[in-house]
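Student: Sequence first, then the predicted structure:
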Amino acid sequence: MSQFDDHRTTAISPAGESTRFRRHRRLRRTGAIRQLVRETRLAAEDFILPLFVTHGVGVRREIGSMPGQFQLSVDRLPGEMDELAELGIGAVLLFGIPAEKDAFASGAYAPDGVVQEAVRAIKRHAPEMLVITDVCGCEYTDHGHCGILRGAEVDNDLTLDLLAQTAVSHAAAGADIVAPSDMMDGRVLTIRTALDAAGHDQVPIMAYAAKFASAFYGPFREAAASMPAFGDRGSHQMDPANGREALSEIATDLDEGADIVIVKPALAYLDVIRQARDRFDAPLIAYNVSGEYAMVKAAAQLGWIDERRVALETLTAIKRAGAGRIITYHAKDAARWLRGDATVSANRVPVGF
Ligand code: PBG
(Lines give C-alpha, C1' and ligand atoms only; values in the text may rest on other atoms or scores of the structure.)
Protein backbone atom coordinates (compact mmCIF):
# COMPACT_ATOMS: atom_id res chain seq x y z
CA MET A 1 0.00 0.00 0.00
CA SER A 2 1.60 3.27 -1.07
CA GLN A 3 1.32 6.63 0.63
CA PHE A 4 -0.74 7.72 -2.37
CA ASP A 5 -3.50 5.20 -1.97
CA ASP A 6 -5.78 7.72 -0.32
CA HIS A 7 -5.67 9.85 -3.46
CA ARG A 8 -6.74 7.06 -5.71
CA THR A 9 -9.88 7.32 -7.66
CA THR A 10 -12.26 4.81 -9.10
CA ALA A 11 -12.99 4.92 -12.78
CA ILE A 12 -14.96 2.78 -15.09
CA SER A 13 -12.90 1.30 -17.91
CA PRO A 14 -14.29 1.13 -21.48
CA ALA A 15 -14.98 -2.49 -20.77
CA GLY A 16 -17.20 -1.41 -17.90
CA GLU A 17 -14.89 -2.67 -15.16
CA SER A 18 -14.07 -0.56 -12.17
CA THR A 19 -10.32 0.24 -11.95
CA ARG A 20 -8.34 2.33 -9.52
CA PHE A 21 -5.54 4.65 -10.54
CA ARG A 22 -3.88 7.85 -9.41
CA ARG A 23 -4.77 11.21 -11.05
CA HIS A 24 -1.37 12.89 -11.40
CA ARG A 25 -2.86 15.44 -13.76
CA ARG A 26 -4.79 17.07 -10.89
CA LEU A 27 -1.61 18.88 -9.88
CA ARG A 28 -0.88 20.02 -13.45
CA ARG A 29 -4.24 21.48 -14.35
CA THR A 30 -3.47 25.19 -14.01
CA GLY A 31 -0.38 27.36 -13.87
CA ALA A 32 -1.19 28.26 -10.27
CA ILE A 33 -1.27 24.62 -9.20
CA ARG A 34 1.93 23.80 -11.09
CA GLN A 35 3.56 26.76 -9.42
CA LEU A 36 2.39 25.54 -6.01
CA VAL A 37 3.99 22.11 -6.40
CA ARG A 38 7.12 23.12 -8.36
CA GLU A 39 10.17 21.58 -6.66
CA THR A 40 12.97 23.56 -8.28
CA ARG A 41 13.04 27.32 -8.74
CA LEU A 42 15.61 29.45 -10.48
CA ALA A 43 16.55 32.93 -9.33
CA ALA A 44 19.04 35.52 -10.57
CA GLU A 45 21.20 34.94 -7.50
CA ASP A 46 21.74 31.34 -8.60
CA PHE A 47 23.95 32.51 -11.44
CA ILE A 48 27.66 33.29 -11.65
CA LEU A 49 28.62 35.03 -14.89
CA PRO A 50 32.04 34.26 -16.44
CA LEU A 51 33.78 37.34 -17.86
CA PHE A 52 36.79 37.55 -20.17
CA VAL A 53 38.97 40.51 -19.37
CA THR A 54 41.46 41.82 -21.88
CA HIS A 55 44.03 44.61 -22.09
CA GLY A 56 43.37 47.85 -23.98
CA VAL A 57 40.84 50.61 -23.56
CA GLY A 58 37.21 50.68 -24.62
CA VAL A 59 37.33 47.07 -25.84
CA ARG A 60 34.07 45.14 -26.14
CA ARG A 61 34.80 42.38 -28.63
CA GLU A 62 32.14 39.75 -29.25
CA ILE A 63 33.32 36.13 -29.18
CA GLY A 64 32.41 34.49 -32.50
CA SER A 65 31.36 31.11 -31.14
CA MET A 66 29.61 32.62 -28.10
CA PRO A 67 27.13 35.22 -29.34
CA GLY A 68 26.26 37.69 -26.58
CA GLN A 69 29.58 37.15 -24.75
CA PHE A 70 32.41 39.67 -25.01
CA GLN A 71 36.04 40.19 -24.22
CA LEU A 72 35.98 43.36 -22.13
CA SER A 73 38.78 45.74 -21.22
CA VAL A 74 39.12 46.74 -17.58
CA ASP A 75 37.56 50.18 -18.10
CA ARG A 76 34.37 48.48 -19.35
CA LEU A 77 33.89 46.53 -16.13
CA PRO A 78 32.20 49.19 -13.97
CA GLY A 79 29.40 49.55 -16.54
CA GLU A 80 29.06 45.78 -16.70
CA MET A 81 28.82 45.60 -12.89
CA ASP A 82 25.99 48.17 -12.90
CA GLU A 83 24.10 46.04 -15.39
CA LEU A 84 24.60 42.88 -13.34
CA ALA A 85 23.56 44.55 -10.10
CA GLU A 86 20.44 45.82 -11.79
CA LEU A 87 19.63 42.27 -12.93
CA GLY A 88 20.23 40.82 -9.46
CA ILE A 89 23.35 38.86 -10.43
CA GLY A 90 25.81 39.04 -7.56
CA ALA A 91 28.85 37.04 -8.68
CA VAL A 92 31.34 36.96 -11.54
CA LEU A 93 34.12 34.54 -12.48
CA LEU A 94 37.07 36.29 -14.11
CA PHE A 95 39.32 34.97 -16.88
CA GLY A 96 42.23 37.05 -18.13
CA ILE A 97 43.63 37.42 -21.62
CA PRO A 98 47.09 38.95 -21.15
CA ALA A 99 48.86 41.20 -23.65
CA GLU A 100 51.84 38.84 -23.68
CA LYS A 101 52.27 35.16 -23.00
CA ASP A 102 55.40 33.18 -22.14
CA ALA A 103 56.45 29.64 -21.29
CA PHE A 104 56.06 30.24 -17.55
CA ALA A 105 52.69 32.06 -17.48
CA SER A 106 54.25 34.99 -15.68
CA GLY A 107 51.26 37.16 -16.63
CA ALA A 108 49.15 34.98 -14.36
CA TYR A 109 50.72 36.28 -11.16
CA ALA A 110 51.95 39.73 -12.22
CA PRO A 111 50.75 42.31 -9.65
CA ASP A 112 49.59 44.48 -12.55
CA GLY A 113 48.25 41.54 -14.58
CA VAL A 114 44.95 41.87 -16.37
CA VAL A 115 42.93 39.89 -13.81
CA GLN A 116 44.55 41.67 -10.87
CA GLU A 117 43.66 45.04 -12.46
CA ALA A 118 40.16 43.81 -13.20
CA VAL A 119 39.60 42.72 -9.59
CA ARG A 120 40.71 46.13 -8.33
CA ALA A 121 38.50 47.98 -10.81
CA ILE A 122 35.43 45.93 -9.88
CA LYS A 123 36.02 46.20 -6.15
CA ARG A 124 36.51 49.96 -6.40
CA HIS A 125 33.26 50.41 -8.28
CA ALA A 126 31.07 47.67 -6.83
CA PRO A 127 32.51 46.36 -3.54
CA GLU A 128 29.49 44.13 -2.94
CA MET A 129 29.98 42.18 -6.19
CA LEU A 130 31.42 38.73 -5.42
CA VAL A 131 34.59 38.38 -7.48
CA ILE A 132 35.83 34.86 -8.13
CA THR A 133 39.04 34.41 -10.13
CA ASP A 134 39.99 31.44 -12.28
CA VAL A 135 43.45 30.19 -11.34
CA CYS A 136 45.17 28.37 -14.20
CA GLY A 137 48.11 28.82 -16.52
CA CYS A 138 46.47 28.11 -19.86
CA GLU A 139 45.51 31.68 -20.77
CA TYR A 140 49.02 32.89 -19.92
CA THR A 141 51.34 30.30 -21.48
CA ASP A 142 52.55 30.70 -25.05
CA HIS A 143 52.03 26.95 -25.55
CA GLY A 144 48.44 27.09 -24.21
CA HIS A 145 48.93 24.37 -21.60
CA CYS A 146 47.71 24.71 -18.03
CA GLY A 147 51.12 24.81 -16.38
CA ILE A 148 54.88 24.48 -16.72
CA LEU A 149 56.05 21.99 -19.33
CA ARG A 150 58.82 19.48 -18.84
CA GLY A 151 59.37 18.11 -22.33
CA ALA A 152 55.92 17.73 -23.81
CA GLU A 153 54.23 17.12 -20.44
CA VAL A 154 52.65 19.48 -17.97
CA ASP A 155 54.79 18.98 -14.86
CA ASN A 156 52.55 18.67 -11.83
CA ASP A 157 54.85 19.83 -9.07
CA LEU A 158 56.52 22.64 -11.00
CA THR A 159 53.06 23.98 -11.77
CA LEU A 160 51.95 24.04 -8.12
CA ASP A 161 54.16 26.99 -7.33
CA LEU A 162 52.77 28.96 -10.30
CA LEU A 163 49.22 28.28 -9.10
CA ALA A 164 49.99 29.27 -5.52
CA GLN A 165 51.61 32.54 -6.59
CA THR A 166 48.70 33.28 -8.91
CA ALA A 167 46.10 32.64 -6.21
CA VAL A 168 47.97 34.84 -3.71
CA SER A 169 48.24 37.67 -6.24
CA HIS A 170 44.49 37.47 -6.92
CA ALA A 171 43.73 37.57 -3.20
CA ALA A 172 46.13 40.49 -2.74
CA ALA A 173 44.26 42.38 -5.47
CA GLY A 174 41.02 41.82 -3.55
CA ALA A 175 39.48 38.67 -5.04
CA ASP A 176 36.79 37.23 -2.77
CA ILE A 177 37.30 33.61 -3.85
CA VAL A 178 39.96 31.81 -5.92
CA ALA A 179 38.96 28.98 -8.26
CA PRO A 180 41.77 26.68 -9.42
CA SER A 181 40.81 24.99 -12.71
CA ASP A 182 44.12 23.38 -13.67
CA MET A 183 43.53 19.84 -12.27
CA MET A 184 47.07 19.41 -10.92
CA ASP A 185 47.29 17.06 -7.93
CA GLY A 186 47.93 18.78 -4.62
CA ARG A 187 46.95 22.22 -5.80
CA VAL A 188 44.26 22.89 -3.23
CA LEU A 189 46.62 22.11 -0.35
CA THR A 190 49.42 24.16 -1.92
CA ILE A 191 47.14 27.13 -2.58
CA ARG A 192 45.57 26.95 0.90
CA THR A 193 49.01 26.90 2.53
CA ALA A 194 50.23 29.83 0.41
CA LEU A 195 47.09 31.91 1.01
CA ASP A 196 47.32 31.35 4.76
CA ALA A 197 51.00 32.23 4.83
CA ALA A 198 50.27 35.47 2.97
CA GLY A 199 47.56 36.49 5.43
CA HIS A 200 44.60 35.46 3.26
CA ASP A 201 43.20 32.78 5.51
CA GLN A 202 39.68 34.18 4.98
CA VAL A 203 39.77 33.71 1.20
CA PRO A 204 37.86 30.54 0.26
CA ILE A 205 38.93 28.08 -2.43
CA MET A 206 36.30 27.06 -4.97
CA ALA A 207 37.96 24.04 -6.58
CA TYR A 208 37.11 22.75 -10.01
CA ALA A 209 37.17 19.36 -8.33
CA ALA A 210 35.64 17.18 -11.03
CA LYS A 211 36.69 18.73 -14.31
CA PHE A 212 36.46 16.50 -17.34
CA ALA A 213 38.60 16.60 -20.49
CA SER A 214 35.67 17.85 -22.52
CA ALA A 215 35.10 18.86 -26.12
CA PHE A 216 32.48 21.26 -24.73
CA TYR A 217 35.27 23.73 -23.84
CA GLY A 218 35.91 24.49 -27.52
CA PRO A 219 34.33 27.95 -27.69
CA PHE A 220 35.99 28.99 -24.41
CA ARG A 221 39.38 28.36 -25.94
CA GLU A 222 38.53 30.86 -28.67
CA ALA A 223 37.23 33.30 -26.04
CA ALA A 224 40.31 33.00 -23.83
CA ALA A 225 42.82 32.33 -26.60
CA SER A 226 43.96 29.24 -24.70
CA MET A 227 43.98 26.44 -27.29
CA PRO A 228 46.95 24.14 -26.60
CA ALA A 229 49.60 24.50 -29.33
CA PHE A 230 49.99 20.71 -29.38
CA GLY A 231 48.39 17.75 -27.63
CA ASP A 232 45.39 18.00 -25.32
CA ARG A 233 44.51 18.14 -21.62
CA GLY A 234 43.85 14.43 -21.21
CA SER A 235 46.81 13.92 -18.88
CA HIS A 236 45.28 16.07 -16.14
CA GLN A 237 41.58 16.61 -16.85
CA MET A 238 39.32 13.63 -16.19
CA ASP A 239 38.18 10.92 -18.58
CA PRO A 240 34.48 11.58 -19.37
CA ALA A 241 33.84 7.89 -18.81
CA ASN A 242 34.65 8.00 -15.09
CA GLY A 243 31.98 8.85 -12.55
CA ARG A 244 33.41 7.14 -9.45
CA GLU A 245 36.78 8.78 -10.06
CA ALA A 246 35.03 12.16 -10.06
CA LEU A 247 33.78 11.50 -6.53
CA SER A 248 37.28 10.58 -5.47
CA GLU A 249 38.64 13.86 -6.95
CA ILE A 250 36.02 15.79 -5.00
CA ALA A 251 36.84 13.93 -1.77
CA THR A 252 40.53 14.73 -2.26
CA ASP A 253 39.93 18.43 -2.86
CA LEU A 254 37.70 18.66 0.24
CA ASP A 255 40.37 16.85 2.27
CA GLU A 256 42.96 19.32 1.06
CA GLY A 257 40.81 22.24 2.19
CA ALA A 258 38.50 23.19 -0.68
CA ASP A 259 35.53 25.19 0.67
CA ILE A 260 33.32 24.85 -2.41
CA VAL A 261 33.50 22.33 -5.26
CA ILE A 262 32.65 22.55 -8.95
CA VAL A 263 31.52 19.86 -11.37
CA LYS A 264 32.26 20.75 -14.99
CA PRO A 265 30.79 20.53 -17.63
CA ALA A 266 27.20 20.29 -16.39
CA LEU A 267 24.82 18.74 -18.90
CA ALA A 268 26.62 15.56 -19.82
CA TYR A 269 27.53 15.14 -16.13
CA LEU A 270 24.21 15.52 -14.30
CA ASP A 271 24.76 12.10 -12.74
CA VAL A 272 28.04 13.31 -11.23
CA ILE A 273 26.31 16.41 -9.85
CA ARG A 274 23.60 14.28 -8.27
CA GLN A 275 26.05 11.82 -6.73
CA ALA A 276 28.28 14.62 -5.45
CA ARG A 277 25.24 16.31 -3.86
CA ASP A 278 24.20 13.08 -2.17
CA ARG A 279 27.67 12.19 -0.93
CA PHE A 280 29.17 15.52 0.21
CA ASP A 281 27.83 18.40 2.25
CA ALA A 282 30.05 21.13 0.80
CA PRO A 283 28.51 23.82 -1.41
CA LEU A 284 28.32 22.45 -4.95
CA ILE A 285 28.47 24.48 -8.13
CA ALA A 286 27.98 23.32 -11.70
CA TYR A 287 29.69 24.96 -14.66
CA ASN A 288 27.37 25.18 -17.69
CA VAL A 289 30.27 25.54 -20.12
CA SER A 290 30.91 27.39 -23.35
CA GLY A 291 30.01 24.54 -25.73
CA GLU A 292 26.71 23.97 -23.94
CA TYR A 293 25.91 27.66 -24.40
CA ALA A 294 27.09 27.73 -28.02
CA MET A 295 24.87 24.81 -28.99
CA VAL A 296 21.77 26.53 -27.62
CA LYS A 297 22.70 29.82 -29.32
CA ALA A 298 23.42 28.19 -32.67
CA ALA A 299 20.24 26.15 -32.76
CA ALA A 300 18.22 29.19 -31.66
CA GLN A 301 19.75 31.33 -34.40
CA LEU A 302 18.69 28.71 -36.93
CA GLY A 303 15.18 28.85 -35.53
CA TRP A 304 15.36 25.21 -34.50
CA ILE A 305 14.70 25.65 -30.80
CA ASP A 306 13.14 28.23 -28.49
CA GLU A 307 16.21 29.71 -26.80
CA ARG A 308 14.45 30.99 -23.72
CA ARG A 309 12.65 27.76 -22.95
CA VAL A 310 15.66 25.56 -23.69
CA ALA A 311 18.03 27.67 -21.59
CA LEU A 312 15.66 27.84 -18.61
CA GLU A 313 14.91 24.13 -18.85
CA THR A 314 18.63 23.40 -18.92
CA LEU A 315 19.39 25.58 -15.91
CA THR A 316 16.44 24.12 -13.99
CA ALA A 317 17.69 20.59 -14.72
CA ILE A 318 21.19 21.44 -13.49
CA LYS A 319 19.72 22.77 -10.25
CA ARG A 320 17.35 19.80 -9.92
CA ALA A 321 20.34 17.48 -10.28
CA GLY A 322 21.78 19.07 -7.14
CA ALA A 323 23.83 22.14 -8.03
CA GLY A 324 23.36 24.98 -5.54
CA ARG A 325 24.61 27.63 -7.95
CA ILE A 326 25.42 27.62 -11.67
CA ILE A 327 28.25 29.26 -13.55
CA THR A 328 26.59 30.14 -16.84
CA TYR A 329 26.90 32.41 -19.87
CA HIS A 330 23.08 32.52 -19.95
CA ALA A 331 23.13 34.44 -16.63
CA LYS A 332 22.03 37.84 -17.89
CA ASP A 333 19.41 36.54 -20.30
CA ALA A 334 18.06 34.11 -17.72
CA ALA A 335 17.82 36.85 -15.09
CA ARG A 336 15.83 38.96 -17.56
CA TRP A 337 13.54 36.08 -18.46
CA LEU A 338 12.94 35.27 -14.81
CA ARG A 339 12.16 38.87 -14.09
CA GLY A 340 9.58 38.78 -16.86
CA ASP A 341 8.24 35.74 -15.07
CA ALA A 342 7.42 37.77 -11.96
CA THR A 343 5.04 39.97 -13.91
CA VAL A 344 3.11 36.99 -15.23
CA SER A 345 -0.07 36.63 -13.22
CA ALA A 346 -0.15 33.68 -10.86
CA ASN A 347 -2.71 31.63 -12.74
CA ARG A 348 -0.82 31.72 -16.02
CA VAL A 349 1.95 29.40 -17.06
CA PRO A 350 5.24 30.93 -15.91
CA VAL A 351 7.88 31.73 -18.49
CA GLY A 352 9.77 28.71 -19.66
CA PHE A 353 7.33 25.96 -18.74
C1 PBG B 1 41.00 26.62 -17.80
C2 PBG B 1 39.54 26.66 -18.01
C3 PBG B 1 38.82 26.19 -19.11
C4 PBG B 1 37.48 26.48 -18.86
C5 PBG B 1 37.41 27.10 -17.63
N6 PBG B 1 38.70 27.18 -17.10
C7 PBG B 1 39.28 25.62 -20.40
C8 PBG B 1 40.01 24.37 -20.44
O9 PBG B 1 40.14 23.64 -19.45
O10 PBG B 1 40.50 24.10 -21.52
C11 PBG B 1 36.35 26.14 -19.78
C12 PBG B 1 35.09 26.90 -19.54
C13 PBG B 1 34.09 26.82 -20.64
O14 PBG B 1 34.20 26.04 -21.60
O15 PBG B 1 33.12 27.58 -20.55
N16 PBG B 1 41.51 27.85 -17.37
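Tutor: Great, that's in hand.
Student: C-alpha only now, for contacts and for neighbours.
Tutor: OK.
Student: where does the nearest residue to residue 144 once chain neighbours are set aside sit relative to residue 147, distance-wise?
Tutor: Among residues not flanking residue 144 along the chain, residue 228 sits closest, at 4.1 Å (Cα to Cα, 6 or more residues apart in numbering). Counting by Cα to Cα, to the nearest Å, the gap from residue 228 to residue 147 is 11 Å.
Student: And for residue 163?
Tutor: The value you get for residue 163 to residue 147, if Cα to Cα is used, is 8 Å.
Student: Give me the common contacts of those two.
Tutor: Jointly contacting residue 163 and residue 147 under the rule Cα atoms under 8 Å, 6 or more residues apart in numbering are 136, 137.
Student: tell me the contacts of the residue of the stretch 51-200 of the chain found nearest the ligand?
Tutor: Closest contact between the stretch 51-200 of the chain and the ligand, by Cα to the nearest ligand atom, is at residue 136 (4.9 Å). Applying Cα under 8 Å, 6+ apart to residue 136 gives the contacts 108, 146, 147, 163, 180, 181, 182.
Student: so which of those are also by the ligand?
Tutor: Residues shared between those and the neighbourhood of the ligand are residue 181 [Cα under 6 Å from any ligand atom].
Student: Among the contacts of residue 136, which lie within strands?
Tutor: residue 180 (DSSP state E).
Student: Export the contacts of residue 136 as CSV, with columns for pLDDT.
Tutor: Converted to CSV, these look like this (pLDDT from 0 to 100):
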residue, pLDDT
108, 96
146, 93
147, 94
163, 98
180, 98
181, 96
182, 95
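Student: In helices, which of the contacts of residue 136 appear?
Tutor: Cross-referencing the contacts of residue 136 against helices under DSSP state H gives residue 163.
Student: Of the contacts of residue 136, keep whichever come out buried.
Tutor: 108, 146, 147, 163, 180, 181, 182 (16 or more other Cα atoms under 10 Å).
Student: Not counting sequence-adjacent ones, nearest residue to the last one?
Tutor: By that I understand residue 182. Per Cα to Cα, 6+ apart, closest to residue 182 is residue 136, 5.1 Å.
Student: for the helix or strand containing residue 191, packing partners?
Tutor: Per DSSP states H and E, residue 191 falls inside helix 187-197. Applying 3 or more Cα pairs under 8 Å, 6 or more residues apart in numbering; DSSP states H and E, one finds that helix 187-197 makes contact with helix 156-173, helix 244-256.
Student: Recalculate using a threshold of 10 Å.
Tutor: helix 156-173, strand 177-180, strand 206-211, helix 244-256 (3 or more Cα pairs under 10 Å, 6 or more residues apart in numbering; DSSP states H and E).
Student: Which secondary structure elements does the last one sit against?
Tutor: Think helix 244-256. helix 187-197, strand 206-211, strand 260-264, helix 270-279.
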